[in-house]
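**Q** Just a sequence and a predicted model for now, questions to come.
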Amino acid sequence: MKYLKLLWRCVKIWILKDFAYKGDFFIKVFSVAFTDLIMPLMTFFIYSLTRGIPGWSLEELLLFQGTLILVLGLARVFSYHFSWWTLDAINWGNFDQYLLKPYSTLLYLLALTVDHYGLAEVATGVVFIIYSSIKLGISFFSFNALMYVLFILAGFMVILASQIIIASMGFIAVKTEALMQLHNKLTDLARYPLNIYGFGIKFFLIFLFPMAVSSFVPAEVLLRGFAPKMLLYLIPVAIYFSLSLWLWSSAMKKYSSAGG
Amino acid sequence: MNFRNDWAVAKMGIKVWSAYRFESIVMLLTVPITLIMYFFLWKSIYSYTGSDVIRGFTFQQMISYYVLSMIVGFFTWSEVDRWIEQDLIHGHMIGAMLKPISFVSFYRSFEIGVNLMNIIWQMIPVFVLGFLFFGLSIASLFNFSAFILSIVFAFFIYFGLTFLLGLSAFWLKRITGLRRVRRVAFGFLGGSLIPLNLFPVWAQSILHYLPFEHTRFVPITIYLGTLSKESVIKALCLQFGWVIIIYLVISFVWSRAYRHYSSVGM
């Protein structure tokens, strides 16, 4: 509960800070939503000229992309700035201050770095999901929908885990911003359905960097129905997330301050 | 024009690039990831559609398009709006104005310095990567020369448009949101995500009257050899025309911005 209070306080502070430049605030909200329109727009253009991606109609692919936008939006709200902030604090030597707070350092930093602009991204994703669901006649009052939400949360956990891993690496090797670039590029691979790739990339996106869970699996659940074996997709996610927490706690133990 | 001053500022750009060389090299290493994604995406679309050509592009040309899109992107890179915004917010603008070099030249030379390093560390390696792994073919001498000239114009157009956006910070102060829109809109409308031929015809006819296609699409099509010699020369003249127009607009807006600006000293 105290973390939720902290989170809410942080959101209020960021909004007040951003309101110092109201014009820029609204443009930023627009820009976040606008950025997410590009991928579906590109899809629309491609489908108007070709048969598109095998096994995916235009509406199905929009559902897929809307789901990914929603997951990325959630990740933006709760974890996007976390790794940057942590790396900056390490580089500037002021990380110690976060160790002195009466909160878990990880949760405190996650609350502090909340990014409310991600809500615009979440809203854009929801619009695409609703639009395509109506077109496809999908009901959200079903067991499949419940599993869809579960996999969306799992997808969010994957990105959160990645951010924690990047931040943890900052304690070991100071310059790890490059890992962020690598992460963003690898995330791009999840922007299209898994079936377009060869075995190697599929294996990578399911088992090693389980981003497939953030869009492909939830969309599959909603479109083709849930099958119990799909729960196996959650195993790599659980391992990946546990690895990130283990790395974070190891990094915390190794951290030595320069004083100050 | 004082080239010694320009070169001195360009060297600053080189120094700044050097501070971020690790990131730039990692960016280079991640280039194949994006190309692999487009390779599989278009491979599945071409085979599912059952057509060898989509709006004038064969599969190989499509992949070459993305390789060239990255090459042109590295060359035309500009974040001048960000520098202007930061200089204004942190109160460094007066320093930039007092330098013995014009305001536009200062930022342009700085970015030329950065992009000189991009040529060595990003453009050339991506060319090699494209030739070795993604079937990029060698252009004819005419097309290659025209391509080089075209990307130089593309740089000036992209820089000019970004600079104009940066000048809006003199009135708005914070332009973080606008910069984000700029990055996405310029890229999309310039044809960095998909070739402009794939846009609906009505959108293409509007885009022909805008400068964005000259920042990415035009140089790429010149390299790919999909334009006749006459069309290449016409495209280069149009690019040059856009450079002139944009710099005239810059000098007009800059004089307004300068009058609007007030500082509290150094």
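**A** Sure thing, it's come through. Numbering: from 1, shown residues only, chains lettered A, B, ... in the order given.
**Q** I'd like to know how many residues surround residue B:191.
**A** Applying other CB atoms under 10 Å in any protein chain shown, we find 25 residues neighbouring residue B:191. Using the backbone N, CA and C atoms, a C-beta is placed for each residue, glycine as well.
**Q** can I assume it is in contact with residue B:219?
**A** No. At 10.0 Å, residue B:191 does not count as touching residue B:219 under the criterion of CB atoms under 8 Å.
**Q** The most centrally placed residue in chain A: helix or strand, and which one exactly?
**A** What sits nearest the mean C-alpha location of chain A, by CA atoms, centre = their mean, is residue A:75, with 3.2 Å. Per DSSP states H and E, residue A:75 falls inside helix A:58-78.
**Q** Give me the helices and strands touching that helix, please.
**A** helix A:22-49, helix A:118-136, helix A:143-172, helix A:216-224 (3 or more CB pairs under 8 Å, 6 or more residues apart in numbering or on different chains; DSSP states H and E).
**Q** export the next helix-or-strand element following that helix as PDB, just CAs?
**A** With elements assigned by DSSP H and E, the helix or strand that comes after helix A:58-78 is helix A:82-92. The C-alpha coordinates for helix A:82-92 follow below in PDB (Å, rounded to 0.1, in the frame of the first residue of the first chain):
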ATOM      1  CA  PHE A  82      14.000   3.100 -14.500                       C
ATOM      2  CA  SER A  83      17.200   1.800 -16.100                       C
ATOM      3  CA  TRP A  84      18.200   5.300 -17.500                       C
ATOM      4  CA  TRP A  85      17.700   6.800 -14.100                       C
ATOM      5  CA  THR A  86      19.600   4.100 -12.300                       C
ATOM      6  CA  LEU A  87      22.500   4.300 -14.800                       C
ATOM      7  CA  ASP A  88      22.600   8.000 -14.400                       C
ATOM      8  CA  ALA A  89      22.700   7.800 -10.600                       C
ATOM      9  CA  ILE A  90      25.500   5.300 -10.800                       C
ATOM     10  CA  ASN A  91      27.500   7.400 -13.300                       C
ATOM     11  CA  TRP A  92      27.000  10.600 -11.300                       C
END
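**Q** buried set for the helix or strand containing residue B:250?
**A** Assigned by DSSP H and E, residue B:250 belongs to helix B:229-260. Residues of helix B:229-260 classed as buried by neighbour count (16 or more other CB atoms under 10 Å in any protein chain shown): B:232, B:235-236, B:238-240, B:242-243, B:246-247, B:250, B:254, B:257.
**Q** Okay, and the closest residue to residue B:147 other than its chain neighbours sits in which element?
**A** Of all residues not flanking residue B:147 in the chain, residue B:223 sits nearest, at 4.3 Å (CB to CB, 6 or more residues apart in numbering or on different chains). Assigning secondary structure by DSSP H and E places residue B:223 in helix B:217-224.
**Q** Show the low-confidence segments of the chain, by residue range.
**A** You didn't pick a chain, so chain A it is. For chain A, the stretches with pLDDT under 70 are A:174-176, A:257-260.
**Q** hm, I was asking about chain B
**A** Low-confidence segments of chain B (pLDDT under 70): B:1, B:263-266.
**Q** Flag every residue of it that's near chain A.
**A** B:22-23, B:26-27, B:29-30, B:33-34, B:36-37, B:40-41, B:43-45, B:47-51, B:54-55, B:172-178, B:180-181, B:184-185, B:188, B:193-194, B:198-200 (CB under 8 Å from any CB of the partner chain).
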